[in-house]
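In: I'd like to go over a predicted model; first the sequence, then the structure.
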Amino acid sequence: MIYTEWNDTVTSELVAGCERALARYNISRINKVQVPGAFELPFACRQYWEATKGTGSQPGAIIAFGCVVRGATPHFDYVCQGVTSGITQLNLELPVPVIFGVLTVDNMEQAEERLGGAHGHKGEEAAITALKMIALLRNLK
């Protein structure tokens, strides 16, 4: 799992929720890499994949976690577009799924609603999505 240090209170809970969900399926081998912000996620995901190639420890999926909160400038739009495009590109290029666990919210209240509130827990959902995509790949082989 690759996660950002920016908006750490949110991303750390996304990571914790993901770990809780994976533990329910007895998955304990989880590697974590932290990057500064969401824009760096696609690069880090690619580099992680390349670094584990041929080692026998390549992941069955990569989960990218981050939280981008809208501000007063267009920066939010550029970061959201960049990280979305980057992760989409990785899904087309890598042989494993890259799960989009990036919250793009207007305010911290919306982020909190996605950490176990009205909109579920997006960290847990990302873990389940990863497991479903791994199963899909196995069924296709």
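Out: That came through fine.
In: For G117, grab the count of nearby residues.
Out: The local packing of G117 (other Cβ atoms under 10 Å) involves 12 other residues. Every C-beta, even on glycine, is put in place using the N, C-alpha and C of the backbone.
In: now W6
Out: Residues near W6, counting by other Cβ under 10 Å, number 18.
In: ok, and the closest non-adjacent residue to it?
Out: What sits nearest to W6 in space, not counting adjacent residues and going by Cβ to Cβ, 6 or more residues apart in numbering, is G37, at 4.3 Å.
In: correct me, but that neighbour touches D8?
Out: No - with contacts counted by Cβ atoms under 8 Å, G37 stays clear of D8, the gap being 11.0 Å.
In: Assess the claim that H121 and G17 are in contact.
Out: Yes - with contact defined as Cβ under 8 Å, H121 reaches G17; the gap is 4.5 Å.
In: Just want to know which of the two has more residues nearby.
Out: Set H121 next to G17 and count neighbours by other Cβ under 10 Å: G17 wins out with 23 against 19.
In: What's the local residue count around the residue nearest to R46 when sequence neighbours are not counted?
Out: Closest residue to R46 apart from its sequence neighbours, by Cβ to Cβ, 6+ apart: L90 at 6.2 Å. The number of residues packed around L90, counting by other Cβ under 10 Å, is 21.
In: sorry, back to before: list residues touching both of H121 and G17?
Out: L115 (Cβ atoms under 8 Å, 6 or more residues apart in numbering).
In: what sits up against the worst-scoring helix or strand of the chain on mean pLDDT?
Out: Across the helices and strands of the chain, mean pLDDT, DSSP states H and E gives its lowest value to strand 115-117, namely a mean of 93. The contact list for strand 115-117, computed with Cβ under 8 Å, 6+ apart, reads V10, E13, L14, G17, H121, K122, G123.
In: following that strand, which helix or strand shows up next?
Out: strand 120-121 (DSSP states H and E).
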